[in-house]
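Enquirer: coords below, sequence missing:
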């Protein structure tokens, strides 16, 4: 599986962005998919994850109620809708796929996209 993230940019606090992650590979629809982010000088952290069927989602407490993860298996695409953005959401956002069970741990993910930068100005 190869992943290509896009949609990052500069936005004012309170604004919205939608990230996309295009996947290649026939087995995309069978993998749990997640979004992680890494701010300068910080560890990569979990943001959201979605089951392969799209039926279950999990979010970090810091984004719950503001971000929505979704997927379109027919288009091999993962999304992250980010609303009410805050300055502390500034980071490089990565999409990832796991060959195993759904997880919030970055160590459980086998495939990673190249990252897309989100900058929120206050």
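Expert: Yep, that arrived. The structure presented is a predicted model; accordingly, all values stated were derived computationally and were not measured.

Enquirer: ok, the residue nearest to the spatial centre of the chain - contacts?
Expert: The centroid of the chain falls nearest to residue 35 when counting by CA atoms, centre = their mean (2.3 Å). By CB atoms under 8 Å, 6 or more residues apart in numbering, the contact set of residue 35 is 19, 21, 47-49, 69, 78, 80, 93-96. C-beta: built from backbone N, CA, C; applies to glycine.

Enquirer: enumerate every residue touching the residue nearest to it when sequence neighbours are not counted.
Expert: Leaving aside its sequence neighbours, residue 35 sits nearest to residue 47 (CB to CB, 6 or more residues apart in numbering; 4.3 Å). Contacts for residue 47 (CB under 8 Å, 6+ apart) come out as 34-37, 59-60, 63, 67, 69, 80, 93.

Enquirer: give the pairing partners of the helix or strand harbouring residue 47; include direction for each.
Expert: Using DSSP states H and E, residue 47 falls within strand 45-50. Strand 45-50 pairs in its sheet with strand 33-38 (antiparallel), strand 57-59 (antiparallel), by DSSP bridges.

Enquirer: please consider this matter closed, and thank you.
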